[in-house]
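1. turn this into a structure:
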Amino acid sequence: MSLKVGDIAPNFSLPSSTGKNISLNDLIGKKIVLYFYPKDDTPGCTKEACSFRDKISQFQKKNVIIYGVSADSIESHKKFIQKYSLPFPLLSDENKDMLKTYGVWKEKSFMGKKYLGIERTTVIIDENGIIKNIFDNVKVEKHIEEILTALMI
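-> All right, here's what the predicted structure looks like:
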């Protein structure tokens with residue numbers, strides 16, 4: 001399934017680092033940034049998470065909720081949040097159902113070896129549950145500025 005801007009965002013219900021399940025249906029009426037990342041506490045993922053952390057007030061001013069999503073466990077997420085003082089929840093999709101639905105679970109290649117993993121992607125969903133932006137194959141540098149610019153529209 002390939003999602004496009006203008007599509008209705010597929011619903012999901014995932015456990016979060018807050019101890020509650022988060023469902024897209026429960027978030028209607030709110031602007032959401034879902035950022036999909038490969039692995040807790042790895043260099044690129046840490047840099048990305050800390051970029052969101054460092055700009056959190058700008059997202060809050062725009063009434064935007066941020067969720068990080070990976071296939072890591074809730075316990076891994078909690079350690080990652082604590083280590084870097086992340087002020088937003090992380091969602092765990094260990095079964096990879098949502099990752100596949102959102103089209104971010106893909107074949108990747110590293111040093112000639114192919115494997116399945118998460119392609120770093122950010123999806124912005126509006127108050128009505130419509131996909132407003134998709135940033136795929138994200139490069140961490142300056143990505144936060146791209147997102148903040150997109151949210152100004």
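
2. residues in contact with the one helix or strand Ile66 maps to?
-> Per DSSP states H and E, Ile66 falls inside strand 64-70. For strand 64-70, the external contacting residues (C-beta atoms under 8 Å, 6 or more residues apart in numbering) are 14, 16, 22, 27, 30-40, 45, 49, 52, 56, 59, 77, 86, 88-93, 98-99, 118, 151. From N, CA and C alone the C-beta is placed, and that goes for glycine too.

3. list the residues that contact the residue nearest the centre of the chain.
-> In the chain, the centroid-proximal residue (C-alpha atoms, centre = their mean) is Tyr35; its distance is 1.8 Å. Listed by C-beta under 8 Å, 6+ apart, the contact set of Tyr35 reads Glu48, Phe52, Ile66, Tyr67, Gly68, Val69, Arg120, Thr121, Thr122, Val123, Val138.

4. I'd assumed the second one was in a helix, is it?
-> The one in question is Phe52. Yes: the assignment for Phe52 by DSSP: H, G, I helix; E, B strand; the rest coil puts it in a helix.

5. look at it and say how many residues are nearby.
-> Here the number of neighbours of Phe52 (other C-beta atoms under 10 Å) works out to 21.
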